[in-house]
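**Q** Quick one, structure for this:
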Amino acid sequence: QVRLVESGGGLVQAGGSLRLSCTSSGRTFSNYPMAWFRQAPGKVRELVATIIWVDRTTTADSVKGRFIISRDNDKNMLYLQMNSLKPEDTAVYYCAASRRRQVPAGDDYDWWGQGTQVTVSS
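**A** The predicted model follows:
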């Protein structure tokens, strides 16, 4: 059974940093597409960043230059380094993984974590 578990969320002041982690079990996702999404109250789920292989990444314009997605295949871990956080970054953050060899369109991922809350105070 595949399981994704996020951690590292919390409350931080604007301008601060957090690093989210996502550990996977039940399957190896080395080099398969993985992603971070977020959903704020009353808003649609938003794609934050994707990664395939170890260095092919994309980030949403809203977080470009502030957030960095990375992975450690040896540890089966996915990370999201979030810097210069803003109140509008407040959301539940989810990691997702795909069984396919190319980055899925939109949120068409096969496995999802339960989410971790990030709250940025002004």
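**Q** Hmm, residue 77 and residue 28 touching each other?
**A** No: in this structure, residue 28 is not within contact of residue 77 by C-beta atoms under 8 Å, at 11.6 Å. No exception for glycine: its C-beta is placed from N, CA and C like everyone else's.
**Q** which of the two has more neighbours?
**A** residue 77 (16 against 10; other C-beta atoms under 10 Å).
**Q** element containing the residue most central in space within the chain, please.
**A** Against the mean C-alpha coordinate of the chain, by C-alpha atoms, centre = their mean, the closest residue is residue 36 at 2.3 Å. In this structure, residue 36 sits in strand 34-39 according to DSSP states H and E.
**Q** cool, and residue 79?
**A** Assigned by DSSP H and E, residue 79 falls in strand 77-82.
**Q** next structured bit after that strand?
**A** Sequence order places strand 91-97 as the next helix or strand after strand 77-82, per DSSP H and E.
**Q** Now do that next one: distance to the chain's middle.
**A** Distance, stretch centre to chain centre, for strand 91-97: 5 Å (C-alpha atoms, centre = their mean, to the nearest Å).
**Q** ditto for stretch 13-22
**A** For stretch 13-22, the distance to the chain centre is 12 Å (C-alpha atoms, centre = their mean).
**Q** What's opposite the closest residue to residue 18 other than its chain neighbours in the beta bridge?
**A** What sits nearest to residue 18 in space, not counting adjacent residues and going by C-beta to C-beta, 6 or more residues apart in numbering, is residue 82, at 5.0 Å. Taking DSSP bridges as the rule, residue 82 bridges to residue 18, residue 67.
**Q** quick one: contacts for residue 82?
**A** 17-20, 63, 66-67, 89, 118 (C-beta atoms under 8 Å, 6 or more residues apart in numbering).
**Q** Relative to residue 64, how far out is it?
**A** 12 Å (C-beta to C-beta, to the nearest Å).
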